[in-house]
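Participant: this one's structure only:
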């Protein structure tokens, strides 16, 4: 496996033309071009990576959370003290679903926008309180919602794998709820760290990232990571946060970004090596309230409660992975690397690289090519067109 990362990842931020308001949530399409952001009173969309924003026809209400399909066509938005709305046309029109009106706090969508999950709650120690409730799922893009077997949780965040099969929901005082079958059944895991407020998932659902809010200790708690779908968790070397920490990670789980909100505001921190080391971005110290990232980590967007919307863009090289299975070689790389072509060569001392004729398929936000394993040696690379 060969990995090349951009040192500029999430380091330089630019304020967009979005209005100054109480932004609460933001979501991104896989390529980072289509964005959706919710604020007290309205939902806005961007079709050019945040350069311009337009108010949608969504109702003027107390929006709490938004999520997007990989292509940015299917959107879901939840109201704190209201219902759940969906859009099948990138936000042009909105329809209220049959979900009950309650204190919805977080929503997540599969890559195709078909499978959705939503949680009720939002209690965060000394910061907010709300009654608990069930975890709901939808298998038809939000038209209908079903109560799962978790009926009395007080969750602050939920995340989904790209195919919608692996789900994770966190509560501020624990536990962590995990499902491997699209919410049919759940496993409770009591973490060794408290004050969970946010969670994010890699495309395959194995790598998870959790943010905390610790109002009791000056040092705060760091970012936590899991590499086994939430069975076990490890603290990273990130600085501790006393305020709320919202998190996002790339599809392969190597590029991580977290935004913080405390009494005096908070920074943006980022990692390009799966949380081994962290950098503080040259972004305002302010009341950040949500962050989203493109599949390859090249485009990041963050919103401020009582401020604007900021974006950061870099050009990471695609990660090329080669595995073997049943006599075949499976070669994959993260979208949206449409400007790259897969090439092969049997001799690294020659320049005889040729394009692989197989057409890549899309699986878990990765382009994938399956080839018969060669008798000798073959080498592969991604070449920019």
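Facilitator: Okay, I see it. Just so it is clear, the model here is predicted, and its values are computed rather than measured.
Participant: Neighbours of residue 92, how many?
Facilitator: For residue 92, the count of nearby residues is 11 (other C-beta atoms under 10 Å). No exception for glycine: its C-beta is placed from N, CA and C like everyone else's.
Participant: That one contacts residue 55, doesn't it?
Facilitator: No. Using C-beta atoms under 8 Å, residue 92 makes no contact with residue 55, being 11.8 Å away.
Participant: Which residue ranges of the stretch 51-200 of the chain form strands?
Facilitator: 54-55, 63-68, 75-82, 84-87, 95-96, 102-109, 116-120, 135-138, 146-147, 155-160, 167-171, 176-179, 187-189, 196-201 (DSSP state E, counting those that start in this stretch).
Participant: Tabulate these (CSV), appending distance to residue 222, mean neighbour count and mean pLDDT.
Facilitator: Formatted as CSV, the strands of the stretch 51-200 of the chain follow (distance: least, C-beta to C-beta, whole Å; neighbours: other C-beta atoms under 10 Å; pLDDT from 0 to 100):
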stretch, distance to residue 222, mean neighbour count, mean pLDDT
strand 54-55, 37, 12, 98
strand 63-68, 24, 26, 97
strand 75-82, 28, 24, 96
strand 84-87, 33, 24, 98
strand 95-96, 39, 12, 98
strand 102-109, 21, 25, 96
strand 116-120, 24, 28, 97
strand 135-138, 27, 24, 98
strand 146-147, 34, 14, 97
strand 155-160, 17, 27, 96
strand 167-171, 15, 28, 95
strand 176-179, 16, 23, 96
strand 187-189, 19, 14, 93
strand 196-201, 13, 26, 94
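Participant: Including distance to residue 228, could those strands go into a markdown table?
Facilitator: Listed next are these as a markdown table, based on distance: least, C-beta to C-beta, whole Å:
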| stretch | distance to residue 228 |
| --- | --- |
| strand 54-55 | 41 |
| strand 63-68 | 24 |
| strand 75-82 | 28 |
| strand 84-87 | 31 |
| strand 95-96 | 38 |
| strand 102-109 | 19 |
| strand 116-120 | 20 |
| strand 135-138 | 21 |
| strand 146-147 | 27 |
| strand 155-160 | 15 |
| strand 167-171 | 12 |
| strand 176-179 | 10 |
| strand 187-189 | 11 |
| strand 196-201 | 12 |
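Participant: out of these, nearest to residue 258?
Facilitator: Nearest of these to residue 258, taken as C-beta to C-beta: strand 196-201 at 8.4 Å.
Participant: I'd like to know which of the strands of the stretch 51-200 of the chain is closest to residue 313.
Facilitator: Of those, nearest to residue 313 by C-beta to C-beta is strand 63-68, at 18.0 Å.
Participant: buried ones in the worst-scoring helix or strand of the chain on mean pLDDT?
Facilitator: Least confident element among the helices and strands of the chain, by mean pLDDT, DSSP states H and E: strand 361-363 (a mean of 78). Across strand 361-363, burial judged by 16 or more other C-beta atoms under 10 Å covers no residue at all.
Participant: Can you tell me the strand partners of that strand and which way each runs?
Facilitator: Using DSSP bridges, strand 361-363 pairs in its sheet with strand 366-372 (antiparallel).
Participant: So what touches the partner strand?
Facilitator: Residues outside strand 366-372 that contact it (C-beta atoms under 8 Å, 6 or more residues apart in numbering) are 203, 251-252, 321, 327-335, 337, 342, 356, 358-362.
Participant: now swap in stretch 35-55 and tell me
Facilitator: Contacts for stretch 35-55 (C-beta under 8 Å, 6+ apart): 16-19, 21-29, 32-34, 56, 58, 60-66, 68, 72, 75, 77, 90-91, 94, 290, 292, 299, 301, 303, 309, 311, 313.
Participant: Show the buried residues in the residues you listed.
Facilitator: Among the contacts of stretch 35-55, the ones that count as buried by 16+ other C-beta under 10 Å are 16, 18, 21-29, 32-34, 56, 58, 61-66, 68, 72, 75, 77, 90-91, 94, 290, 292, 299, 301, 303, 309, 311, 313.
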